[in-house]
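Trainee: Mind folding the following:
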Amino acid sequence: PFIGYTADGVPDNGRLATDRPHVFKAYGAYEIPWTKSNSTEISGFTTAASGTPLTTRYTVFGVGGQILNGRGDLGRTEMFTQTDLGVRHKYRFGRDNRFSLIANLDILNLFNEDNVLGQVETISTTGITGADLGLTGSSLQQEAAYQGQSVLTRANQLVRTGNARICTPAGQPTVTSCNTLSPIFNLPNNFQGPRSVRFGFKLQF
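Mentor: Residues are numbered from 1 along each chain as shown. Now for the predicted structure:
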């Protein structure tokens, strides 16, 4: 019953995790004809794109990845940029130059950028259980009570805090345990790949 809702009990509508509102791409190539049999092509590709949304998530009743405050509450990752370079040298031979031997050189992420692609979105190292919310019975009964007793807000208050430990605030129902705030919450955990170089040969006939 809690899937598809924030901890406040409202639909978790919003921009998805792959959303990039603005993307710019450019490609160009230039061929140098040295002779009738030899030519070299130099090409470049660059892209720049908006960051992707970051969303605070928590675990409730053993189901991880649930949205706490709403989609994109942590902002976005930094803008993504990358430039790639390619060099192709073609040697033609045979009758009427019908055969071609092509040597390839590709340099991906030419400037060795290390843009952040993702951050740790899970706020707590443990999850909310029925006992934390004062619920008893089977998991299905707990989930029904979770909705019926409007305790979504209580779960929200249980995990939304900037303190070292995540506990129920004063005036809220007593909990049996506290959730520990993850020490790596909102820290980068996914980065752009480093510069890489590829060599290759190809025979066309």
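
Trainee: Which positions in stretch 93-111 come out as buried?
Mentor: Residues of stretch 93-111 classed as buried under the neighbour-count rule (16 or more other CB atoms under 10 Å) are 100, 102, 107-109. (Glycine included, C-beta is placed from N, CA and C.)

Trainee: Residues touching it, excluding its own?
Mentor: Here stretch 93-111 makes contact (CB atoms under 8 Å, 6 or more residues apart in numbering) with 36-37, 82-92, 192-205.

Trainee: can you pull out the strands in the chain?
Mentor: 23-33, 38-49, 57-60, 63-67, 80-93, 99-108, 116-119, 165-166, 179-180, 188-191, 196-204 (DSSP state E).

Trainee: Export the buried residues of stretch 93-111 as CSV, with columns for pLDDT.
Mentor: As requested, the buried residues of stretch 93-111 are exported to CSV (pLDDT from 0 to 100):
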residue, pLDDT
100, 93
102, 96
107, 98
108, 97
109, 97
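
Trainee: what about the residue nearest the centre of the chain, distance to residue 32?
Mentor: For the chain, the residue sitting closest to the mean C-alpha position, by CA atoms, centre = their mean, is residue 118 at 4.4 Å. Using CB to CB, to the nearest Å, residue 118 is found at 41 Å from residue 32.

Trainee: Do I have it right that residue 46 meets residue 113?
Mentor: No - because the distance of 10.9 Å does not satisfy CB atoms under 8 Å, residue 46 is recorded as not touching residue 113.

Trainee: which residues does residue 57 form a beta bridge with?
Mentor: Beta bridges link residue 57 to residue 67, residue 122 when assigned by DSSP bridges.

Trainee: swap that for residue 63, sorry
Mentor: residue 60.

Trainee: coming back round to it: name the residues contacting each of residue 46 and residue 113.
Mentor: Joint contacts of residue 46 and residue 113 (CB under 8 Å, 6+ apart) are 81-82.

Trainee: circling back: adding distance to residue 74, write the strands of the chain out as TSV.
Mentor: As requested, those are arranged in TSV below (distance: least, CB to CB, whole Å):
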stretch	distance to residue 74
strand 23-33	21
strand 38-49	18
strand 57-60	10
strand 63-67	11
strand 80-93	17
strand 99-108	29
strand 116-119	7
strand 165-166	17
strand 179-180	18
strand 188-191	12
strand 196-204	30
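
Trainee: These: which one's closest to residue 15?
Mentor: strand 63-67 (12.0 Å; CB to CB).

Trainee: helices or strands next to the closest one in the packing?
Mentor: The helices and strands touching strand 63-67, judged by 3 or more CB pairs under 8 Å, 6 or more residues apart in numbering; DSSP states H and E, are strand 57-60.

Trainee: now the strand it packs on: mean pLDDT?
Mentor: Average pLDDT, strand 57-60: 84.

Trainee: got any ranges where the protein has weak pLDDT?
Mentor: 1, 130-180 (pLDDT under 70).

Trainee: swap the cut-off to 50 and go again
Mentor: Regions of the chain meeting the criterion pLDDT under 50 cover residues 149-151, 161-177.
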